[in-house]
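# When you get a sec, could you give me coordinates for this:
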Amino acid sequence: MTKDWDSYIEEQIHDFYHHKGINCAIGTLKLMSEIFDLPLADQVYDAAIGMHGAGKYGAQCGLLEGGLMFITIYGKEKGLEKAGLVKLCYQWAETFEKTMEGIHCKDLRPYPFTPEDAPKHLCEPTTVKAVKLLKEFMERQVQVKLAAK
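Okay, here's the model as predicted:
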């Protein structure tokens with residue numbers, strides 16, 4: 001039986017935000033690691049600790065950054081060259097920006113970060129949309145590039 005990844009993504013993101021305190025970048029990495037069967041070292045997750053808008057500063061979105069990290073780790077593991085990885089990162093950023101209508105956390109969140117919004121997890125729907133988009137991007141762009149090499 002094939003796993004319903006869309007439902008699984010929704011469930012896991014809800015759990016990450018409401019029960020485990022996992023940010024968007026780490027959640028993206030964890031889900032992509034599982035979906036594409038590529039275990040990641042703890043240091044990779046540690047590197048993403050502050051990537052939710054640059055530590056809530058509102059800068060580049062952790063969903064974009066987590067995707068960039070996974071694309072390059074996965075692609076390198078599968079033998080893609082640096083130039084191809086850079087092109088894939090460009091394509092992911094372009095796809096993300098067009099679909100999500102921005103790349104900065106402060107533009108994608110319905111409200112700015114405040115201590116009061118912590119339990120509301122305002123980015124949950126945005127995160128679900130972006131992780132599903134990354135899964136599709138990986139299947140469409142990255143897998144095609146791997147098949148062509």
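
# For the least confident helix or strand in the chain by mean pLDDT, report the contacting residues that lie outside it.
Lowest on mean pLDDT, DSSP states H and E among the helices and strands of the chain sits helix 143-148, with a mean of 78. The set of residues that contact helix 143-148 without belonging to it, under Cβ atoms under 8 Å, 6 or more residues apart in numbering, is 75, 78, 79, 80, 84, 88. From N, CA and C alone the C-beta is placed, and that goes for glycine too.

# Show me which of the residues you listed are buried.
With neighbours counted by 16 or more other Cβ atoms under 10 Å, those contain buried members at 75, 80, 84, 88.

# Could you find the closest non-adjacent residue to the last one?
Once its chain neighbours are removed from consideration, residue 88 has its nearest residue in residue 71; the separation is 5.3 Å (Cβ to Cβ, 6 or more residues apart in numbering).

# Now do the strands in this structure.
Listed in chain order, the strands found in the chain under DSSP state E amount to none.

# Extract the residue ranges of it that are flagged as low pLDDT.
By pLDDT under 70, the low-scoring segments of the chain are 1, 111-120, 149.

# can you tell me which helix in this protein is longest?
Ranked by residue count, the top helix of the chain under DSSP state H comes out as helix 82-100.

# which helices and strands does that helix pack with?
Contacts defined by 3 or more Cβ pairs under 8 Å, 6 or more residues apart in numbering; DSSP states H and E place helix 82-100 against helix 62-77, helix 124-137.

# Give me the buried stretch members for that helix, please.
84, 85, 88, 89, 91, 92, 93, 95, 96, 100.

# Equivalent analysis for stretch 23-38, please.
Of the residues in stretch 23-38, those scored as buried under the neighbour-count criterion (16+ other Cβ under 10 Å) are 23-36.

# so which of those comes closest to residue 51?
residue 25 (3.6 Å; Cβ to Cβ).

# Report the contact partners of that closest one.
Taking Cβ under 8 Å, 6+ apart as the definition of contact, the neighbours of residue 25 are 48, 51, 52, 62, 63, 65, 66, 69.
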